[in-house]
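Q: fold the stuff below for me.
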Amino acid sequence: MSFAGNFVSVNYTVNRLLRSPARLFQAIKRFAGLRTADDKIFNLEEISVTSILAVDDSASMRQMVCFTLKGAGYDVVEAVDGVDGLNKAKSQAFDCVVTDVNMPNKDGIQLIRDLRALPNYKYTPLLMLTTEAGMDKKQLGKEAGATGWIVKPFNPEQLLKTIQKVLG
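A: A predicted model of the protein is given here:
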């Protein structure tokens, strides 16, 4: 792996830690080997470490995605389209974003472009979950900054494996 690749990996990890106080605290504890009374202050059992934004105009698809992700222990916030998704992403830091492509008001590809323009989302995994399987759309997604592409109908295990992979 090149130096640039290592640099991006380190920046991505640091960025994830800084956006999540709970994750940063856990990393410090792991590094130092500590188990202190601070656990009671932060009450780590109640803090959801990984938050995911699910953006889709289909209520039933959002339900399926949320059911799958919440069942795996993720904290999930829903958005009804790209505009709603961008607003929520600006008001709260997410560890990952899963978005549809074809939506009213702002499509998923434009949402990814807009998210990549924000400093907090420069290294955040942004996944497309869509019925679009054509290479032209995939290329547009890649150019916009999509981390991965999953075709609907999705297999819940595949979605979870993909998210676990991109989150490291």
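Q: where do the helices sit along this structure?
A: 3-19, 21-32, 38-42, 59-71, 82-91, 108-116, 135-144, 156-167 (DSSP state H).
Q: helices and strands of the chain: which one has the lowest mean pLDDT?
A: Here the helix or strand of the chain ranked lowest by mean pLDDT, DSSP states H and E is helix 3-19, holding a mean of 45.
Q: how many neighbours does S60 have?
A: Residues near S60, counting by other CB atoms under 10 Å, number 8. The C-beta positions use only the backbone N, C-alpha and C, and glycine is treated the same way.
Q: and if you look at T131?
A: 12.
Q: do A89 as well
A: Neighbours of A89 (other CB under 10 Å): 23.
Q: pretty sure it sits against V97.
A: Yes. Using CB atoms under 8 Å, A89 makes contact with V97 at a distance of 6.7 Å.
Q: where do the contact lists of the two overlap?
A: 53, 115, 121 (CB atoms under 8 Å, 6 or more residues apart in numbering).
Q: ok, now how distant is the second one from C66?
A: L115 sits 19 Å away from C66, taking CB to CB, to the nearest Å as the criterion.
Q: which of the two has more neighbours?
A: Between L115 and C66, counted using other CB under 10 Å, L115 has the larger neighbour count: 25 against 18.
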